[in-house]
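Visitor: Sharing a model prediction with you, sequence too.
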Amino acid sequence: MSAVPGSPISNLRRFGPVNWMGLFTLMQREARRGLQDYNYQILGPVVSSLLYLAVFHLALRTTGTADSNADLLNFIAPGLIIFVACEKAFECAAGSFIFDKHERIIADLLMAPLSPAERVLGYLGGCCLAGSAVGLAVALVTLFFADLSLHSVGTLIFFGLMGTMLHALIGILVGIWAEKWDSFAAVHTFLLLPLSFLSGLFYRVENLPEAGQALVRFNPVFYVIDGFRFSLTGTGSANPMTGAGILLAVNTVLFALTYVWFRRGYRLKP
Amino acid sequence: MQHSPSNLAPRHYGAINWIGLYTLYRKEVRRFLAVGTQTVLAPMVTTLLFLAVFVLAMGHAVDLVGGVPYMEFLAPGLIMMAMTQNAFANTSSSLMIAKIQGNIVDLLMPPLTAFEITLGLALGGLTRGIVVGLATAAAIWIFVPLHLSHVWAMVFYAAMASLMLAQLGVVAGIYAEKFDHMAAVTNFIITPLAFLSGTFYSTERLPDFGRLLAHLNPFFYMIDGFRYGLIGHADGSLLLGAVTLIAVNLALLVANYLSFERGSRMKP
């Protein structure tokens, strides 16, 4: 390319309204990063999901409630699939930022000709993809043990997407905010794990005391798990439309916040 | 300052370099206490979550397990799981991070024998296991009555189990060269052994083959013996459990001693 002295502006590359190539590259990088070591990034979650299933199966079998056993496995399996996908989406987004900040290669992201919206979308797309891939792997293995039927493809995709998006967005925010791996671990153990475990992942929320049943309605993860389970079993504890509305609202708010943070360069730019 | 030749003679220790051993032990303990939120509080929260989830999932339809309500059966297993996972994490992460950051030399250079290194690390892991055990037990006690029927069994099995996992952590820490290796060991060996050890269910009611498999798992004896200490009921033989745990611990001690003596995967 011949540089024209005096008019460097004319040599700038121009993109349309969206830098598709950049967006796609960022997305690809994030997805590959989240899955590159399949030995533990995919196999690990598969093994732990199988362990959860085995433990619940054996616990029920040996305590004399075998009649409801098959029901419970079918109940837990969809929850596990979406739980694992969400965990991966969070880990992928948050881990990526903290790692890049520690290694001081976050500049590679800030220097690239990407608008804030493209950055959010790039991370979001890549991490949702990684989460879905892990969820799919778990789903395939669970099919051997649980009897799942596809009740509605639309809601399956919708709630799968909303769940991984929610966790990826939280992951991006945590990744931008956190300076150390400790904060990452703390958010995971003290916030996300309780939100998932106490939102009907392994039990019907109808088993909760009344105060718990009321509280759980404020937990967005509850709607993710419940909606996803609805799409695989046809039954749910909450109205899927309510869940969809709440998740859309929460995700929009988080997306806007992430956008603003990127735009301001909060904690990323000096 | 002038040194006479006699001042330049090497320092001598007795059979054991007590100061060195104690310093290594103290470093290992302070290492986890410095991040107590992650190393003590986090296992407490996770254990309570597991308790809540299992109790809610099993509902009220559950009858007695091992002669006690399901919750009281589950509690000792959960405490033991927290203890062992943390004992393992302490030694394995300590070695792993030291290797990755290169400060493993600080462990290899001081005048410590292979035996003292092994012991210092293992005792550090043991301490973390016991501290986490006490913390989780205190948290669980709020919700579940704990009986302490046989204190000797409780103490013996808690110590043996933490020591065993701490030593397994040393093995893993020496073997692993990347975090991926460590994640693989945790995901594919330690967690399955811990989950399938009878923490959540009584092996008595498994089919014959399943019971045989469960009884081949050393983790089973730790949980079974510890549970005997709390609720006075054991699924397997206590004597066999005690012998197995002592034997495994001795074997691991020798193996780790040899690894440090040879410096495998640590010295060039």
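Guide: Good, I have the coordinates.

Visitor: From now on I want contacts and neighbour counts done on CA atoms only, so please keep to that.
Guide: Fine.

Visitor: and residue 191, how many neighbours does it have?
Guide: Here I'm looking at chain A. Per other C-alpha atoms under 10 Å in any protein chain shown, the neighbour tally for residue A:191 reads 11.

Visitor: Please refer instead to chain B.
Guide: By other C-alpha under 10 Å, the residues close to residue B:191 number 17.

Visitor: Residue B:95 now?
Guide: Neighbour tally, residue B:95, other C-alpha under 10 Å: 25.

Visitor: Contact partners for the residue nearest to it when sequence neighbours are not counted?
Guide: Spatial nearest neighbour of residue B:95, excluding adjacent residues (C-alpha to C-alpha, 6 or more residues apart in numbering or on different chains): residue B:173 at 5.1 Å. Residues near residue B:173 by C-alpha atoms under 8 Å, 6 or more residues apart in numbering or on different chains: B:91, B:92, B:93, B:94, B:95, B:96, B:182.

Visitor: of those, closest to residue B:38?
Guide: Taking C-alpha to C-alpha as the measure, residue B:38 lies nearest residue B:93 of the contacts of residue B:173, at 13.1 Å.

Visitor: sorry, back to before: how much space is there between the residue nearest to residue B:95 and residue B:22?
Guide: Computed as C-alpha to C-alpha, to the nearest Å, the residue B:173 to residue B:22 distance reads 21 Å.

Visitor: What sits closest to the residue in the stretch 151-268 of chain B that chain A sits nearest to if chain neighbours are left out?
Guide: Relative to chain A, the nearest point of the stretch 151-268 of chain B is residue B:201 (4.6 Å; C-alpha to the nearest C-alpha). Leaving aside its chain neighbours, residue B:201 sits nearest to residue A:59 (4.6 Å; criterion: C-alpha to C-alpha, 6+ apart).

Visitor: The one you found and residue B:80, how far apart?
Guide: Per C-alpha to C-alpha, residue A:59 is found 17 Å from residue B:80.

Visitor: repeat for residue A:168
Guide: Relative to residue B:80, and taking C-alpha to C-alpha, residue A:168 is found at 33 Å.

Visitor: circling back: burial measure for the residue of the stretch 151-268 of chain B closest to chain A, as a count.
Guide: Residues lying near residue B:201 (other C-alpha under 10 Å) number 26.

Visitor: ditto for residue B:172
Guide: 22.

Visitor: who's in contact with residue A:261?
Guide: By C-alpha under 8 Å, 6+ apart, residue A:261 lies in contact with nothing.

Visitor: Does it fall in a helix, a strand, or a coil region?
Guide: helix (DSSP: H, G, I helix; E, B strand; the rest coil).

Visitor: tell me the pLDDT at it?
Guide: The pLDDT attached to residue A:261 in the predicted structure is 94.

Visitor: just residue B:203 next, same as before
Guide: Residue B:203 is given a pLDDT of 85.

Visitor: Could you say which helix or strand holds the closest residue to it other than its chain neighbours?
Guide: Spatially, and ignoring its direct neighbours in sequence, residue B:203 is nearest to residue B:211 (5.8 Å; C-alpha to C-alpha, 6+ apart). Per DSSP states H and E, residue B:211 falls inside helix B:208-215.

Visitor: what does the stretch 101-250 of chain A have sitting close to chain B?
Guide: Contact residues, the stretch 101-250 of chain A versus chain B (C-alpha under 8 Å from any C-alpha of the partner chain): A:182, A:185-186, A:189-190, A:194, A:197-198, A:202-204, A:207-208.

Visitor: same thing but at 6 Å, please
Guide: A:202, A:203 (C-alpha under 6 Å from any C-alpha of the partner chain).

Visitor: Right, and chain B sits closest to which residue of the stretch 101-250 of chain A?
Guide: Closest approach of the stretch 101-250 of chain A to chain B (C-alpha to the nearest C-alpha) occurs at residue A:203, with a separation of 4.3 Å.

Visitor: Would you mind checking the average pLDDT for the helix with the most length in chain B?
Guide: Selection of the longest helix in chain B by residue count, based on DSSP state H, yields helix B:70-101. Computed over helix B:70-101, the mean pLDDT rounds to 94.

Visitor: now stretch A:97-109
Guide: 89.

Visitor: again, but for stretch A:30-48
Guide: pLDDT averaged over stretch A:30-48 gives 83.

Visitor: Which residues does that stretch contact?
Guide: Under the criterion C-alpha atoms under 6 Å, 6 or more residues apart in numbering or on different chains, residues A:92, A:126, A:127, A:130, A:134, A:138, B:184, B:187 lie in contact with stretch A:30-48.

Visitor: got the phi/psi numbers for the residue of the stretch 151-268 of chain B closest to chain A?
Guide: The phi and psi values for residue B:201, taken as degrees, to the nearest 10, are phi -150, psi 160.

Visitor: Residue numbers of the stretch 151-268 of chain B in contact with chain A?
Guide: Within reach of chain A by C-alpha under 6 Å from any C-alpha, the stretch 151-268 of chain B has these residues: B:184, B:187, B:200, B:201, B:205.

Visitor: can you list the residues you listed in a markdown table and add secondary structure?
Guide: Putting those into a markdown table (three-state DSSP) gives the following:
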| residue | secondary structure |
| --- | --- |
| B:184 | helix |
| B:187 | helix |
| B:200 | coil |
| B:201 | coil |
| B:205 | helix |
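
Visitor: quick one: which two of these are the most distant?
Guide: B:184 and B:205 (31.0 Å).

Visitor: picking up where we left off before, just the CA atoms of the helix or strand where the residue nearest to residue B:201 lies, as PDB, please.
Guide: With secondary structure defined by DSSP H and E, residue A:59 is part of helix A:43-61. Provided in PDB are the C-alpha atoms of helix A:43-61 (Å, rounded to 0.1, in the frame of the first residue of the first chain):
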ATOM      1  CA  LEU A  43     -14.900 -33.700  29.800                       C
ATOM      2  CA  GLY A  44     -14.700 -32.200  33.300                       C
ATOM      3  CA  PRO A  45     -18.200 -30.800  33.400                       C
ATOM      4  CA  VAL A  46     -19.500 -34.000  31.700                       C
ATOM      5  CA  VAL A  47     -18.000 -36.100  34.400                       C
ATOM      6  CA  SER A  48     -19.200 -33.900  37.300                       C
ATOM      7  CA  SER A  49     -22.800 -33.900  35.800                       C
ATOM      8  CA  LEU A  50     -22.700 -37.700  35.700                       C
ATOM      9  CA  LEU A  51     -21.500 -37.700  39.300                       C
ATOM     10  CA  TYR A  52     -24.400 -35.600  40.400                       C
ATOM     11  CA  LEU A  53     -26.800 -37.800  38.500                       C
ATOM     12  CA  ALA A  54     -25.300 -41.000  40.000                       C
ATOM     13  CA  VAL A  55     -25.300 -39.600  43.500                       C
ATOM     14  CA  PHE A  56     -28.900 -38.600  43.400                       C
ATOM     15  CA  HIS A  57     -29.900 -41.900  41.800                       C
ATOM     16  CA  LEU A  58     -28.100 -43.900  44.500                       C
ATOM     17  CA  ALA A  59     -29.300 -41.700  47.300                       C
ATOM     18  CA  LEU A  60     -32.900 -42.200  46.300                       C
ATOM     19  CA  ARG A  61     -32.500 -45.800  45.600                       C
END
